[in-house]
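Participant: Next come a sequence and a model predicted from it.
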There are 2 protein chains.
Amino acid sequence: MKSDGKKDAESGRFAYEGIERALHEKARLGIMTSLMTRPKGLLFGELRQLCSLTDGNLSRHLDVLRDEGLVEIWKGFEGRRPQTLVRLSNSGRARFVKYLQELEKVLQDAMAAKKEAGKAKTDLPPGWVPA
Amino acid sequence: MKSDGKKDAESGRFAYEGIERALHEKARLGIMTSLMTRPKGLLFGELRQLCSLTDGNLSRHLDVLRDEGLVEIWKGFEGRRPQTLVRLSNSGRARFVKYLQELEKVLQDAMAAKKEAGKAKTDLPPGWVPA
């Protein structure tokens, strides 16, 4: 009975359900983080440079983020030049903060484990072979 | 000149090149973190339960991790039952620690930005329209 209880408690212990795939993708993580630093938004060209993305890649990722309701995209002019401005939506900011909290849990779990990891790997008992 | 210097310094500021895609994928992140907590390794069934994965999904992700040299997979017996044991390789542990350090940078960047984000979003100047 006791071990069943433990089994239940440990089930899904490392599933990290709060990690939203729309936010977790590497390029989108960079886009969202840079937008967090600039509540007024960033121009398309600024974002492209900050995140080291091509025009095509940035467009594709912004489409995903907008379809998810995470960012707002605005068109306008600076002087005569047409510009695209991207900024976080209110719900996008809230969802990103939640995602970051889950990421922090991963880091805490892994860093706590790192102390254990200092111990040398033990040899396997005889009879175990590489798969 | 001064603004060019700034532009260079900011270029790629949020690119996070150290985020390895093999490790960053959500399920694999859970697998690697749980393996960090257990230097001696985990049995296939334990991993499946800790990470809330199906047999098929866990197998697929373990193939990726093994092909990348991040984990070792061993076959053996516990009593009469054939078992599969998974554990981190030494280089896998080192690469995962590097990855975690990059993840920590993302969190620091985003959390520093969070303070800014408290400020209310300003309205855009007239003439800007949703894209």
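Facilitator: That came in fine, so what should we check first?
Participant: residues touching the spatially most central residue of chain A, list them.
Facilitator: Centrality entry for chain A: nearest residue to the mean C-alpha point is A:His24, 2.9 Å, by CA atoms, centre = their mean. Neighbour list for A:His24: A:Tyr99, B:His24, B:Lys26 [criterion: CB atoms under 8 Å, 6 or more residues apart in numbering or on different chains]. Quick note: C-beta positions are derived from backbone N, CA and C, even for glycine.
Participant: Distance check, it against A:Val86.
Facilitator: Look at A:His24 and A:Val86: by CB to CB, to the nearest Å, they are 19 Å apart.
Participant: Mind telling me what element A:Leu85 is part of?
Facilitator: For A:Leu85, the host element (DSSP states H and E) is strand A:81-88.
Participant: who's sitting farthest from the centroid in chain A?
Facilitator: A:Pro126 (41.9 Å).
Participant: That one belongs to a strand, doesn't it?
Facilitator: No. Checked against DSSP: H, G, I helix; E, B strand; the rest coil, A:Pro126 lies outside a strand; its state is coil.
Participant: hmm, back to that, of the contacts of A:His24, closest to A:Lys114?
Facilitator: Nearest to A:Lys114 among these: B:His24, at 18.1 Å, using CB to CB.
Participant: Next, give phi and psi for that closest one.
Facilitator: Main-chain dihedrals, B:His24, degrees, to the nearest 10: phi -80, psi -30.
Participant: Mind pulling up the pLDDT for it?
Facilitator: What the model reports as pLDDT for B:His24 is 97.
Participant: Okay, now stretch A:80-97: how far is its last residue from its first?
Facilitator: Start-to-end span of stretch A:80-97 (CA to CA, to the nearest Å) is 36 Å.
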